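Colleague: Fold the stuff below for me.
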Amino acid sequence: MSGWMVLNTSKTKEIVVDFRRTKKSDHLPLHISGEEVESVEKVKFLGVHITNHLTWSPNTSYPCMRAQQRLYFLRKLKQAQLPQKLLVNFYRSTIESILSHCTIVWYSSCTVSERKDLHRVVKVARRIIGTDLPSLDSVYTSRLKKKASSISRDTTHPGHCLFDLLPSGKRVSVLGTNTKKFDNSELQVS
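Modeller: Below you'll find the model as predicted:
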């Protein structure tokens, strides 16, 4: 079997997402090649923290902490009297990039307090630099529209069928659902 990819069960993690109201029984452990796979409550996958409750608080608390550490360097650059254009460039490349990493995945599900924490970092950076900076809402919206546009143009993408145009050719048809969860989500914005 040379040339085949072998799954390393010691590096494999299992995360169980269970929204049943009554959890009468524990889930049986997953076994691969006779080895039990470790079950965890949260996992970091491609930089996105996923919890078994599908809450996104680790995706806001950790980047906020890292971005606040970078604000120190922004203050030092301001004290060194760097031009405003370079300060904005530093902000966009080191702070905004941390705050907006994978926002199209988790930003719409953030709580109000988590969004306030994120916006507080932008507000402090705006005060340090002394100029207007794009809000995280606008960054999220522009990235979401760009991703939706690229999916709608790519006929080989698995999500391409979700972007059927109405006869006018300008608007996208909306998926029909029986729950309010989808109606309240950001998927309809795209």
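Colleague: Could you use CA atoms for every contact and neighbour count after this?
Modeller: Fine.
Colleague: name the element residue 124 belongs to?
Modeller: Under the criterion of DSSP states H and E, residue 124 resides in helix 112-129.
Colleague: Same question for that helix: list its buried residues.
Modeller: Buried positions in helix 112-129, judged by neighbour count with 16 or more other C-alpha atoms under 10 Å: 114-115, 118-119, 121-122, 125-126, 128-129.
Colleague: do the same with stretch 155-166
Modeller: So for stretch 155-166, counting by 16+ other C-alpha under 10 Å, buried means 160, 163.
Colleague: do stretch 48-55 as well
Modeller: Residues 48-51 are the ones in stretch 48-55 that count as buried (16+ other C-alpha under 10 Å).
Colleague: now stretch 73-89
Modeller: Buried residues in stretch 73-89 (16+ other C-alpha under 10 Å): 74, 77-78, 87-88.
Colleague: Just the ones of the residues you listed in helices?
Modeller: Members of the buried residues of stretch 73-89 lying in helices (criterion: DSSP state H): 74, 77-78, 87-88.
Colleague: okay, how far is it across stretch 106-116, tip to tip?
Modeller: Using C-alpha to C-alpha, to the nearest Å, the end-to-end distance of stretch 106-116 comes out at 15 Å.
Colleague: Let me know the helix or strand that residue 8 is in.
Modeller: Residue 8 belongs to no helix or strand, assigned by DSSP H and E.
Colleague: likewise residue 43?
Modeller: strand 42-45.
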